[in-house]
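>>> I'd like to go over a predicted model; first the sequence, then the structure.
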Amino acid sequence: DVLAVGWGFTPQLELALQLGCATRVDVDRSLVLAVDDDQATSVAGVWAAGEATGVGGADLATVEGRIAGRAAARSLGAGDVPDDRSARHRRSALRGFATAMHQVYPVPPALLAECADDTLVCRCEEVSAGQIRHAVTELGATEARVVKLLARPGMGWCQGRVCGFATACLTARHAGRAVTETDLRAFAERPIAAPTSLGDLATPPGDGHPGDDPA
């Protein structure tokens with residue numbers, strides 16, 4: 001009675017974006033952090049590894065973490081930390097494989113082209129694909145951030161973690177262009193890195209809230 005199909009993961013970049021790290025659009029159209037050969041971001045003293053630099057699996061994330069850790073150690077004056085050439089070669093091979101997988105198994109174009117107006121895109125705010133199309137074709141929205149303001153996708157509990165990528169892709173398609181960093185950042189930039197209730201924020205430490213350290 002139910003078929004659930006998913007295409008890939010959506011990297012979570014909240015903390016890095018709050019620090020001002022530069023981003024890029026990856027081969028799978030995800031927004032990821034731009035890093036150099038040492039996994040360093042555009043912000044001094046900040047390295048990144050794993051899905052945040054491009055979805056590629058646990059093995060790639062582990063290798064990137066090893067490279068980033070060594071680079072960070074050297075920056076702190078640990079001159080006895082040698083470069084790991086084998087890790088760099090391994091990273092290149094794994095990243096190449098991930099890129100090939102993204103290219104072979106992209107989000108099917110028909111998924112967007114044939115998306116019915118009554119398809120629910122944002123579950124939190126109950127926004128349909130038709131409302132997103134209306135915001136672009138009838139209300140004149142030219143980018144995902146404006147669609148977010150007009151139709152409210154990504155304004156609920158998950159803050160676009162579930163619907164953001166789909167909304168950005170639908171917006172770009174109705175606007176007749178490719179997905180941009182601006183579209184994706186509209187849902188990636190969040191003031192709080194994880195969903196947090198007002199009750200959690202209002203509860204002072206030590207009031208018996210689950211997770212408080214009794215010590």
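Perfect, I can see it now. Numbers count the residues shown, from 1 in each chain.

>>> where does this protein have its least confident helix or strand?
Every helix and strand in the chain was compared by mean pLDDT, DSSP states H and E; the lowest is helix 198-202, with a mean of 82.

>>> now that one: how far from the chain's centre is it?
In terms of CA atoms, centre = their mean, to the nearest Å, the centre of helix 198-202 is found 26 Å from the chain centre.

>>> Need the residues that contact the lengthiest helix in the chain.
When the chain is parsed with DSSP state H, its longest helix is helix 85-104. Here helix 85-104 makes contact (CB atoms under 8 Å, 6 or more residues apart in numbering) with 8, 26-28, 37, 54-57, 59-60, 63-64, 66-67. (Glycine included, C-beta is placed from N, CA and C.)

>>> Among the residues you listed, which one is most surrounded by other residues?
Within those, most neighbours by other CB atoms under 10 Å means residue 64, with 26 neighbours.

>>> follow-up on the earlier one: so which pair among the contacts of helix 85-104 is furthest apart in space?
Spatial extent of the contacts of helix 85-104 (CB to CB) is set by the pair 8 and 37 at 24.9 Å.

>>> wait, what's in contact with the closest residue to residue 21 other than its chain neighbours?
Closest residue in space to residue 21, ignoring its immediate chain neighbours: residue 41 at 4.2 Å, by CB to CB, 6 or more residues apart in numbering. By CB under 8 Å, 6+ apart, the residues touching residue 41 are 16, 19, 21-22, 33-35, 47-48.

>>> Name the nearest of these relative to residue 77.
Checking these against residue 77 with CB to CB, the nearest one is residue 47 at 15.8 Å.

>>> Mind listing the residues bridging to that closest one?
Under the criterion DSSP bridges, residue 47 forms beta bridges with residue 40.

>>> and it, how many residues sit next to it?
Around residue 47 there are 22 residues (other CB under 10 Å).

>>> residues touching it, list them.
Here residue 47 is in contact with 35, 38-41, 68-69, 71-72 (CB under 8 Å, 6+ apart).

>>> buried ones in the longest helix of the chain?
By 16 or more other CB atoms under 10 Å, the buried positions in helix 85-104 come out as 87, 90-91, 94-95, 98, 101-102.

>>> do the same with stretch 149-156
Taking 16+ other CB under 10 Å as the criterion, stretch 149-156 shows 150-156 as buried.

>>> With stretch 127-140 instead?
127-129, 131-136.

>>> got any ranges where the chain has weak pLDDT?
195, 206-215 (pLDDT under 70).

>>> Could you tell me which of the contacts of helix 85-104 belong to helices?
59-60, 63-64, 66-67.

>>> on that earlier part again, is it possible to export the contacts of residue 41 to JSON lines including distance to residue 190?
Listed next are the contacts of residue 41 as JSON lines, based on distance: CB to CB, whole Å:
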{"residue": "16", "distance to residue 190": "12"}
{"residue": "19", "distance to residue 190": "13"}
{"residue": "21", "distance to residue 190": "14"}
{"residue": "22", "distance to residue 190": "18"}
{"residue": "33", "distance to residue 190": "15"}
{"residue": "34", "distance to residue 190": "19"}
{"residue": "35", "distance to residue 190": "21"}
{"residue": "47", "distance to residue 190": "22"}
{"residue": "48", "distance to residue 190": "17"}
